[in-house]
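Peer 1: Prediction below, plus the sequence it came from.
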Amino acid sequence: MTTETFSAAWLRQREPFDTAARNAAAPALELQSRLVARKRIPTEPWRVIDLACGTGANLRWLAPHLGGSQQWLVVDHDASLLRCWPERLGVTAAGEGLDEPLAFCGAGFQAAVVRQHIDLTGALHTLPWHAAHLVTASALLDLVSLAWLSRLVAASMAARVALLMSLSVDGRHRWTPTDPQDATVARVFGAHQQRDKGFGPALGGGAVAILQRELRAAGFRVFSARSDWQIDGRDGPQARAMQRALIDGMAQAATEQAPASAQALRAWQQRRHALADAGRVSVGHVDVLALP
């Protein structure tokens, strides 16, 4: 089975909600984040590995927060997403090849970016773990298996490198107003999240708790903060479109998981669409920072 693929359009649509969620979580992790900075020599550039990097949303959020000179190795199994980086960073590339370094600069930071096309299901150990100050990923953990997660923790422990795993879903959905089928849809959707996404049986919403347990067992100091999506249809067309995309995605996945319930799921989908203009939903996510 191939690793799950996400479209550049979906990644672009979710990024503003990811950014707002991470901004809300950041103050709770700010002090601990400073401890990461103390691990490197001040004159050294930050060296960061971004796993399953997509089109660069993680870098766009994190680079300004790190500040200073930075070197990023960004890896993904989807070459088409990696080719989006120049456009999404607002930089000019000479060609479409992935071997061309990119430069991403802003107020107070300069990041040199190297893209690498690899399959993380089997190549995690090939990355330069010992050269990194920080290994990070966004919206990845729910897709991976327990065996893969254990390899991630083992590699981090061997290199004594900090981990920042952002925007990991934890299974919470809170709709306003409520619908009698909300809990049923969430349960069936959660079961679908545990299907094999390319890494083996996926951990879905249970991944965060398992990661925290394994990191503590390995001797890491582990900190976490909620980074929930807050999607309110009253905030305008972008929020309404995002809410409808979430409704459609949940209904489709739940129907794949429980085809005998397709009619009831379509009815839930229709009712939720009718409420989207004024309805709200909070989708549970957690950011985890681990220090060796």
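Peer 2: In hand now; what should we look at?
Peer 1: For A103, give me its contacts.
Peer 2: Applying Cβ atoms under 8 Å, 6 or more residues apart in numbering to A103 gives the contacts 91, 110-113. Quick note: C-beta positions are derived from backbone N, CA and C, even for glycine.
Peer 1: Just give me how far stretch 120-129 sits from the chain centre.
Peer 2: 18 Å (Cα atoms, centre = their mean, to the nearest Å).
Peer 1: Report the backbone C-alpha coordinates of that stretch in CSV.
Peer 2: Extracted in CSV, the C-alpha atoms of stretch 120-129 (Å, rounded to 0.1, in the frame of the first residue of the first chain):
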residue,chain,number,x,y,z
LEU,A,120,9.7,7.7,5.3
THR,A,121,8.1,4.3,5.8
GLY,A,122,11.5,2.7,5.3
ALA,A,123,14.1,5.4,5.1
LEU,A,124,13.6,7.2,8.4
HIS,A,125,17.0,5.9,9.7
THR,A,126,18.9,7.3,6.6
LEU,A,127,18.3,11.0,7.7
PRO,A,128,21.2,12.9,9.3
TRP,A,129,19.7,12.7,12.9
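Peer 1: Sort out which residues of it are buried, please.
Peer 2: Neighbour counts using 16 or more other Cβ atoms under 10 Å place 120-121, 124, 127, 129 of stretch 120-129 among the buried residues.
Peer 1: How about stretch 237-257?
Peer 2: 239-240, 242-244, 246-247, 250-251, 253-255, 257.
Peer 1: quick one on the thing from earlier: what two of the buried residues of stretch 120-129 are the furthest from one another?
Peer 2: Using Cβ to Cβ, those reach their maximum pairwise distance at T121 and W129, which is 16.9 Å.
Peer 1: Helices along the stretch 51-200 of the chain, start to end?
Peer 2: Taking DSSP state H, counting those that start in this stretch, the helices of the stretch 51-200 of the chain run over residues 57-66, 79-82, 85-89, 120-123, 146-159, 182-193.
Peer 1: Switch those helices over to TSV; also include mean pLDDT and distance to A267.
Peer 2: Shown next, in TSV, are these (pLDDT from 0 to 100; distance: least, Cβ to Cβ, whole Å):
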stretch	mean pLDDT	distance to A267
helix 57-66	94	34
helix 79-82	94	35
helix 85-89	90	38
helix 120-123	93	38
helix 146-159	97	36
helix 182-193	97	11
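Peer 1: same for the top helix by length along the chain, what does it pack against?
Peer 2: If each helix of the chain is counted by residues according to DSSP state H, the longest one is helix 8-37. Contact partners of helix 8-37 among helices and strands, from 3 or more Cβ pairs under 8 Å, 6 or more residues apart in numbering; DSSP states H and E: helix 57-66, helix 79-82, strand 162-176, strand 221-226, strand 229-232, helix 237-257, strand 280-291.
Peer 1: Now do H77 against T136, distance only.
Peer 2: H77 sits 17 Å away from T136, going by Cβ to Cβ, to the nearest Å.
Peer 1: picking that back up, which among the buried residues of stretch 120-129 gets closest to L265?
Peer 2: So of the buried residues of stretch 120-129, ranked by how close each gets to L265 (Cβ to Cβ), first place is T121, at 30.6 Å.
Peer 1: So the closest one sits against F199, correct?
Peer 2: Yes: under the criterion of Cβ atoms under 8 Å, T121 makes contact with F199 at 5.4 Å.
Peer 1: what's I49 sitting at in phi/psi?
Peer 2: Main-chain dihedrals, I49, degrees, to the nearest 10: phi -110, psi 130.
Peer 1: no, scratch that, I was asking about P128
Peer 2: Backbone torsions of P128, given as degrees, to the nearest 10, read phi -80, psi 70.
Peer 1: That concludes my questions; thank you for your assistance.
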